[in-house]
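Colleague: test case, fold it:
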Amino acid sequence: MSTGKPAFTEFRDRLKKREQMLGTFLKMPTTQTIELLGTVGYDFVVIDQEHAPLGRETTDMMILACRASNITPVVRVGDAADHNILSVLDCGAIGVMVPHVDSAEKARQIARACRYTGGSRGMGNVTRAGRWGSLGGMNAHKKNADSEVTCIAMIEDLEAVDHVGAIARVEGIDAIFIGRGDLTAVIGGEQQTDPKTTAVVEKITAQARDANIPIIILASNKEDALKMRSLGASTFIVGSDHGFFKSGATAGMKELGLPLA
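Modeller: Numbering: from 1, shown residues only. Below is the predicted model:
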């Protein structure tokens, strides 16, 4: 049921309710792609600072495009440094995805960086996140931000597998994202649906279900998504902007089939 707030701000609530949501990674430094995805109906995007050349100014404009297109902006930061998290939150990111969270201690650090109350987030209410100071003072901004911001821990290291339960139970961690790509690379699998990877994922999801925390995952296809849903995943990422562009361009070339006979 709608709260009267923009849909992009409801990501955390929908995540907690295990509503099925669909997003994609963004790696190209452009705002038009976001506007297009908004018309298609994607629930969220993950602006990928870790694996793409996206600086603060570009990320700022991409977040603005998300909010204008009513699609939730999540940013995968390059690392867990507090200033990186603060930067994207002040720009108006609703979610922060942090790579290589392999311990409860690191989870506590990133959770604190995402929160004002009980946390360490630096005050900045005259920002896009604070609607440029129009929320009615610092306390109103703190309350609004702490209710909307979504802190996502990425589980992608073998060292993290035995600590998923502890990570998931850290106050302020809202969800985990299972990085099957990194896990597959470490264990020597061929692809993220490799049986060796799936065995590790099953250990992770069992702990996540026990801790009652939402699970986000990158799905290869519908069959893979259904398998991951059976393990507890409710929020799915499919592909990326440059992947969509390449597949569309390839299909167009094959369709026309130059040179024409």
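Colleague: ranges for the strands of the stretch 1-150 of the chain?
Modeller: Using DSSP state E, counting those that start in this stretch, the strands found in the stretch 1-150 of the chain span residues 21-26, 44-48, 72-76, 95-98, 150-155.
Colleague: which residues touch the second one?
Modeller: With C-beta atoms under 8 Å, 6 or more residues apart in numbering as the contact definition, strand 44-48 has outside contacts at 8, 11, 21-27, 34, 37, 54, 59, 62-63, 66, 71-76, 88, 93-95, 97, 237, 240. Where you see a C-beta, it was placed from the backbone N, CA and C, and this is true even at glycine.
Colleague: the shortest one now?
Modeller: Taking C-beta under 8 Å, 6+ apart as the criterion, the residues outside strand 95-98 that touch it are 11-12, 44, 46, 72-77, 79-80, 85, 88-89, 110, 114, 149-154, 177.
Colleague: now that strand, how far from the centre of its chain.
Modeller: Centroid displacement of strand 95-98 relative to its chain, using C-alpha atoms, centre = their mean, to the nearest Å, is 5 Å.
Colleague: CA atoms only for that strand, dumped as CSV, please.
Modeller: Extracted C-alpha coordinates of strand 95-98, given in CSV (Å, rounded to 0.1, in the frame of the first residue of the first chain):
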residue,chain,number,x,y,z
GLY,A,95,20.8,2.0,-0.9
VAL,A,96,24.5,1.3,-0.4
MET,A,97,26.1,-2.0,-1.4
VAL,A,98,29.5,-2.7,0.1
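Colleague: quick one: the strand ranked longest in the chain to strand 44-48, angle?
Modeller: Longest strand of the chain, by residue count under DSSP state E: strand 233-240. If you take axes from the mean of the first three to the mean of the last three C-alpha atoms, to 10 degrees, strand 233-240 sits at 60 degrees to strand 44-48.
Colleague: give the buried residues for strand 233-240.
Modeller: Of all the residues in strand 233-240, those buried under the rule 16 or more other C-beta atoms under 10 Å are Ala233, Ser234, Thr235, Phe236, Ile237, Val238, Ser240.
Colleague: now do it, average pLDDT.
Modeller: For strand 233-240, the mean per-residue pLDDT is 97.
Colleague: same for it, what does it pack against?
Modeller: strand 21-26, strand 215-218, helix 222-230 (3 or more C-beta pairs under 8 Å, 6 or more residues apart in numbering; DSSP states H and E).
Colleague: off-centre distance for that strand?
Modeller: 9 Å.
Colleague: again, but for stretch 106-116
Modeller: Remark: stretch 106-116 is offset 16 Å from the chain centroid, using C-alpha atoms, centre = their mean.
Colleague: who touches that stretch?
Modeller: Contacts to stretch 106-116, defined as C-beta under 8 Å, 6+ apart, come from residues 80, 82, 85-86, 89, 96, 98, 100-101, 118-121, 123, 142, 145-146, 149, 151, 153, 166-167, 170-173.
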